[in-house]
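A.B. asks: A predicted structure for the sequence below; I have some questions about it.
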Amino acid sequence: MTTDIRVGQGFDIHRFGDDPERTLVLGGVQFPGERPLIGHSDADVPAHAITDALLAAAGLGDLGSRFPDTDAAWKDANSIEMLRSVADEVRSLGWTIGNASAAIVCEQPRIAPAREQMQAHLEVACGAPVTVTGRRAEGLGAIGRVEGIACWAVVVISR
Ligand SMILES: [Zn+2]
């Protein structure tokens, strides 16, 4: 019997906003005092990117079709819970999640001080090792102009 190994790539991006009711959340970690992101859910960019990658790896579509922003059920949703439900679904199809790697690109906030806490939240939700890395866009493009935060993620699953 051969092992079926699949890779999935995910992406997410959200724009900064000034809604005083919202708090910036990345990888389940709150950043009070930082500019929040606009989104239908809590706009947790790394959680969304990893969820998107898991869906892609398992051939289950993408984040937008799974959690449409027209669906009131996902308004202000906790994205860590969204990730947990998709990880559970992927496992229920017989897949083992190997690991996930998420690269956050932003000018603010600084990722490094919260990296381990983000990884811990994402690992609990995924049930697998998660690596979070952060880097800046060196002033280039929309991310460099501090208009938002983007994240690329990759996951490996096998069965
Ligand atoms: Zn998103």
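C.D. replies: Yep, it's here. Everything numeric here is computed off the predicted structure, so don't read it as measured data.
A.B. asks: does M82 belong to a helix, a strand or coil?
C.D. replies: With DSSP: H, G, I helix; E, B strand; the rest coil as the basis, M82 sits in helix.
A.B. asks: you'd agree it is up against A47?
C.D. replies: Yes. If you go by Cβ atoms under 8 Å, M82 and A47 touch, sitting 6.9 Å apart. Using the backbone N, CA and C atoms, a C-beta is placed for each residue, glycine as well.
A.B. asks: ok, V105 - contacts?
C.D. replies: Counting by Cβ atoms under 8 Å, 6 or more residues apart in numbering, V105 makes contact with G134, R135, R136, A137, I143, I149, A150, C151, W152.
A.B. asks: enumerate the residues of the chain near the ion.
C.D. replies: Proximity of the chain to the ion is confined to D12, H48 under the rule Cβ under 5 Å from the ion.
A.B. asks: repeat the analysis, applying 8 Å as the threshold.
C.D. replies: D12, I13, H14, G39, S41, A43, D44, V45, H48, A49, L63, S79 (Cβ under 8 Å from the ion).
A.B. asks: just the strands in this protein please.
C.D. replies: 5-15, 24-26, 29-31, 96-105, 130-135, 148-158 (DSSP state E).
A.B. asks: closest one to Q117 among these?
C.D. replies: For the strands of the chain, the distance to Q117 is smallest for strand 29-31, at 5.0 Å, taking Cβ to Cβ.
A.B. asks: what's the mean pLDDT across that closest one?
C.D. replies: Averaged over strand 29-31, pLDDT sits at 97.
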